[in-house]
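# Fold the following.
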Amino acid sequence: MKKKLCHLLIAALIFSCIPAINSEATSKKTQVNSAAKGFFNATKKFNATGMNKYVKSWGKYSKPNDFNKYPYMKKYFKWANKKLSYKILSTKVSGKTAKVKVRVKYTNSKDFTDTAVGLIMLDLLGRENSDKLSDKQLTKISNKYSKIAYLNAIQSKRKYKTETITITFGKYGKNWKIKKMSKKLENIIYANYPYCAEHFWDE
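I've put the predicted structure just below:
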């Protein structure tokens, strides 16, 4: 009888811990999802401070602040990202690492890129010693044609792309952040511009 009672007490103790474990797991998922939503909501506004808040390392990829010297690129990304939409499909947490699967619909910047990069290339090809232009001169040229591309884009019909991406988050102190920016995520937050620019000469 005592042995049976002992087994019942152990079983009761184990089952009493399950709600607490489930509650902790749910809490972690909520925190991770909150960080993912915070990042994408900041991206929708192209809010550099807000985006940086949720990224631990940008690695080799462009930070939003890198576009400060290109005002019409920033205006374009603000316009493009305003229509970004996302849905969190799943969240898996293991210790201080989490995997968040998200489906994202975002603006396809092919027309903007073709206009901006195309005009820049035509300008440079028409100059003598274009390889000797200073950074300041190159920035001025880029701003001139990104303005034209931006004005064309906001008057044209918007085109979209949809991607499903898995993002890895890590816990740093009390905060969950994207561990490292990826090429695929960079392409999403800059409205497919990186891909289009990289493949400009493909066609």
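# Going by secondary structure, residue 42 is in what exactly?
In the assignment (DSSP states H and E), residue 42 maps to helix 2-44.
# Which residues does stretch 165-185 contact?
Stretch 165-185 is contacted from outside by 31-32, 34-36, 39, 53-59, 61, 96-102, 104, 163, 188, 194, using CB atoms under 8 Å, 6 or more residues apart in numbering. (Each C-beta comes from the backbone N, C-alpha and C, glycine too.)
# Selecting buried members of these in PyMOL, what would you type?
Command for PyMOL that selects the buried part of those, burial taken from 16 or more other CB atoms under 10 Å:
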select buried, resi 31+32+35+36+39+54+55+56+58+61+98+100+102+104+188+194
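# among the contacts of stretch 165-185, which are in strands?
97-102, 104, 163 (DSSP state E).
# Do a quick rundown of the helices in this structure.
Using DSSP state H, the helices of the chain run over 2-44, 48-53, 71-81, 110-125, 135-153, 183-189, 193-198.
# For the fourth one, what does the pLDDT average out to?
Spelled out, that is helix 110-125. For helix 110-125, mean pLDDT is 95.
# Not counting its own residues, what contacts it?
76, 80, 130, 133, 141-142, 144-146, 148-150, 152-153, 156, 159, 191-193, 196-197, 200.
# thinking again about what came up before, out of the ones in strands among the contacts of stretch 165-185, which is nearest to residue 46?
residue 104 (14.8 Å; CB to CB).
# excluding its backbone neighbours, what's nearest the closest one?
Take residue 104 and drop its neighbours on the chain: the residue closest to it by CB to CB, 6 or more residues apart in numbering is residue 86, 4.6 Å away.
# Count residues in the vicinity of that neighbour, would you?
Residues lying near residue 86 (other CB atoms under 10 Å) number 20.
# quick one: it and residue 162 touch, right?
No. Residue 86 is beyond contact range of residue 162, at 10.2 Å (criterion: CB atoms under 8 Å).
# what touches both of the two?
Joint contacts of residue 86 and residue 162 (CB under 8 Å, 6+ apart) are 103-105.
# Many thanks, have a good one.
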